[in-house]
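Student: everything below, folded, please.
(2 chains)
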Amino acid sequence: MSLAEQYVADDVAETSDGYVTADGRKIGGVMMEMRNITLKFGGVVAIKDISFDIRQGEIRAIIGPNGAGKSSMLNVISGFYHPQEGEVWYNGARRAPLRPYQVARQGIARTFQNIALFEGMTVLDNVMTGRLNFMNTNLLQQAVWRGKAAREEVHNREFVEKIIDFLEIQAIRKTPVSRLPYGLKKRVELARALAAEPHLLLLDEPMAGMNVEEKEDMSRFILNANDEFGTTIALIEHDMGVVMDLSDRVVVMDYGKKIGDGTPDEVRNDQAVIDAYLGVAHD
Amino acid sequence: MTANAHDAGGAAQSMPALLDRNAKAYPKKAAYREKEFGIWQSWTWAETREEIRMLALGLLDLGVQRGDFIAIIGANRPHLYWSIVAAQMIGAVPVPLYADSAADEMAYVLDHCGARFVIAEDQEQVDKISDIRAQLGALEEVIYLDPKGMRKYDHSHLHDFVGIQTRGNAARGTLLVELERRQGDITYDDICVMLYTSGTTGKPKGVVLSNRNIIETSKNSSDFDNLGPGDEVLAYLPMAWVGDFIFSIGQAYWTGFCVNCPESETTLITDLREIGPTYYFAPPRVFETQLTNVMIRMEDAGRLKKKLFDHFMGLARRVGGDILDGKPVGVLDRLRYRLGSVLIYGPLKDTLGLGRVRVGYTAGEAIGPEIFDFYRSLGINLKQLYGQTEASVFITQQPDGQVRSDTVGVASPGVEIRIGDSGEVYYRGPGVFEYYYKNAESTASTKDAEGWVATGDAGFIEEETGHLRIIDRAKDVGKMADGRLFAPKYVENKLKFYPNILEAVVFGNGRDCCTAFINIDLNAVGNWAERRNIAYSSYQELAGHPQVLDAIQGHVEAINASIAEDEMLSGCQIHRFLILHKELDADDGEMTRTRKVRRRIIEEKYKDLIQALYSDAQQVSTRTEVTYEDGRKGHIAATLVLRDAAVTTPAQPRVAAE
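Tutor: Next up, the predicted model:
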């Protein structure tokens, strides 16, 4: 029996299409499923026959040593890479290869390992770009800015202000992103992703390079986003403390293969995972 | 004129009664504003009354009894101010607490007053209450304002603020009679609020202030500065502090002016600029920080701008204060000053958010003369006042035109002052508190049968002007080994006037010379270091940098020279000092929440460092416990360098003249 099967069978109160976590959050049915994914770059096999699923409302982490294929996996989920073998199922249907804007319209948003913001624009404008899919007026209407275009902008701005309030970045609303320290830029990226009202949010190393306090803040925002908006979150992270605290289930990768999958506790005690990644626990 | 409204409200003997009066007199005028979602939202007096009454009805529905204590914890937000008045409206006693107190400090206060209800701002405060709930037998229901992050909390004794208001509104039919009866029963002598003192020594004490205390004080002080319904204040100081209670509740309800709440602590400067208050209060520290920021930015400004700035600030220093005080100034200088207003002073005041300030106050600590004069020379009517929680703030204040940085003014209207035999300042007046809650012993030792209250400060009244001057805390003033006067605060204040120095603690009571601990100001020193290409990675490293030590040594030697000029205090010159490896912090109990140094605790905690200062050692290694914001503890270890500072001998020792 694989870890994933045990996970469902042993210690989760299964409902028909979901379960309830120990802290009372409702996890729904399978939202996204990876079936036997293999991804190659020329002769290099980045991902080898990996299968796992992401359930509605959960926080799913992908961990593993450097070069394990985590970011590639995230790029497959986001539709940026097209695997040579295997299928991606999203909301009960097999997903055909997509263009980035189609991915966004499907309700998937992401942040990047190396921050990708518009450096010369203010925080507010950056976050507003996250609303692009909610703007339906054309160039002419926006130039005239009467009626529909104005209403649309007010509506979008209101939503963005709620995100700004949620992530506590009011003080830097009008600050150009290039002037912000690293930790805040990360937060602005999260804001932009949340502004897109995603069903599935992909976070690529959201805490990399942060100090303890910034990590704590970021963890709180991730938990609150999941709790408040019901956003399903898949994240890659190296800080084991953070991963184990935040996530409901963890996939462990090594050299492109899946070597473990389950709750943080199960993964922590899995011999294969310990050997490949975590190392020996000191008692 | 506002007098009409006041006459009509002459009978108003409580905040709820004043609220009714204001809702009738100024129904459409803004009473509260708060910036939320990037926009200033506002509530008129009529809307405010409705909001407060709905909340009061909701609290009645929740079972609040007369005399219950309702603790209010959070930052300055209209809803929390409404909570105070809603509590008063149904005969309960509001107890605002410091929002940044740690859970165990809160536990003491909540347990001491036996609060049955808590109204908290957000998850952070609710979490603190949950942590200490088990110790609080009396606590029943908790109401929160911001639902963020609390969806999955157990809501059996936890309520949403708006939910309570909705409940109150729904129960209006049955509870309105009770509400009117409770409000009608409030008398002038009932408790208006209970405020806990920050406790420089020992446990905080609950100061009970009556409606009479607050309303009389608000009336007198509003008249003193001609405050009216057109004034605007920015409420940003802790709600648990008596000053905020007088400014944002007492005077606001008495005169009907508008209370503006900032979006968050971090947006304060922007919000200040957008509101442009006409009546402004800030502790010296805030003025210092603002001035430091201006100076730092001017260092980086272009050459023309810097020249203009220097030229016109020179002019302002010479004539600005006199123009503000209405003293005679030459025509040419007046014209120049007017030009300066257009080019420099006006824009600068706008940037600081002080462009419309008609009356500004600073209090709590001594303010540096350079800082004080800087603001006054710009034409900002900054004044000093001297007050205490026990006095409902006002003991003395400076009338317009009689403003100096080294006095705290004349007795406030209705207040009498006398200096005791020991030099301690006593006062008596309408604002004098009723009693310390559950502490008859302290009440008796602070307030005598005739109503005189001991301030605990030593001071004297200047004969020529009648202004009060404060020397130091009476119990801190001591004698050195050779009998010379030791007044640590006096020296510390002089040190703190340097932007590089954030805090200083001077020792020397009963010893043969004085020594000091110094905290550098990370902002100012950090900027200074940046411009000199001094690399550092932490506060600790910067604090131990030899060049920083040199700079601080320069400051110490300069104040030694200035202290030497004062015969009475020349013994207080600092012989040795060190720069502390961490900032003194309220979380570690080293300062009060209002940022006053707790001398005894510091003496105990850093015994090893003091010992080293009075030895021949050149450096000392130490290990210090620190408390993080969430209450966890850790240690930091450091090796500190001890420096000797040059001492100035008074030019002509006048031993013979004695």
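
Student: and the pLDDT for the residue in the stretch 251-400 of chain B positioned nearest to chain A?
Tutor: Scanning the stretch 251-400 of chain B for proximity to chain A using Cβ to the nearest Cβ identifies residue B:266 as nearest, at 3.7 Å. Where you see a C-beta, it was placed from the backbone N, CA and C, and this is true even at glycine. We have a pLDDT of 88 for residue B:266.

Student: that one contacts residue A:175, correct?
Tutor: No - Residue B:266 sits out of contact with residue A:175 when judged by Cβ atoms under 8 Å, with a separation of 11.4 Å.

Student: near chain B, which residues of chain A are found?
Tutor: For chain A, the residues in contact with chain B (Cβ under 8 Å from any Cβ of the partner chain) are A:23-25, A:157-158, A:161-162, A:164-166, A:168, A:170-171, A:173, A:220, A:223-224, A:227-228.

Student: any idea how the chain splits into domains?
Tutor: Picking chain A for this. In terms of domains, chain A is parsed into A:1-107+A:198-283, A:117-195 (source: automatic domain parsing).

Student: wrong one, chain B
Tutor: The record's domain split for chain B, according to automatic domain parsing, is B:3-211, B:284-473, B:478-657.

Student: quick one: the strands in chain A?
Tutor: A:19-20, A:26-27, A:30-41, A:44-55, A:59-63, A:85-90, A:93-94, A:108-111, A:200-204, A:232-236, A:249-254, A:257-262 (DSSP state E).

Student: partner strands of the helix or strand encompassing residue B:280, parallel or antiparallel?
Tutor: Assignment of secondary structure by DSSP states H and E places residue B:280 within strand B:279-281. For strand B:279-281, sheet partners with direction are given as strand B:359-362 (parallel), following DSSP bridges.

Student: who's in contact with residue 51?
Tutor: By default, I'm working from chain A. With contacts defined as Cβ atoms under 8 Å, 6 or more residues apart in numbering or on different chains, residue A:51 is in contact with A:33-37, A:86, A:258.

Student: nope, chain B please
Tutor: Applying Cβ under 8 Å, 6+ apart, one finds that residue B:51 lies in contact with B:43, B:79, B:82, B:165.

Student: likewise for residue A:25?
Tutor: Shown in contact with residue A:25 (Cβ under 8 Å, 6+ apart): A:57, A:226-227, B:152.

Student: ok, 7 Å please
Tutor: The contact partners of residue A:25, taken as Cβ atoms under 7 Å, 6 or more residues apart in numbering or on different chains, are A:57, B:152.

Student: chain neighbours aside, what residue packs nearest to the residue nearest the centre of chain A?
Tutor: Most central in chain A under Cα atoms, centre = their mean is residue A:202, positioned 1.8 Å from the mean C-alpha point. Beyond its immediate neighbours in the sequence, the residue positioned closest to residue A:202 (Cβ to Cβ, 6 or more residues apart in numbering or on different chains) is residue A:110, lying 3.8 Å away.

Student: distance to residue B:551 for the contacts of residue B:51 - can I get that in CSV?
Tutor: What follows is these, written out as CSV (distance: Cβ to Cβ, whole Å):
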residue, distance to residue B:551
B:43, 50
B:79, 46
B:82, 49
B:165, 55
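
Student: so which of those is the closest to residue B:382?
Tutor: Minimum distance to residue B:382 across the contacts of residue B:51 is 29.9 Å, recorded for residue B:43 (Cβ to Cβ).

Student: tell me the SS of that closest one?
Tutor: Local secondary structure at residue B:43 is given as strand here, using DSSP: H, G, I helix; E, B strand; the rest coil.

Student: perfect, that will be all.
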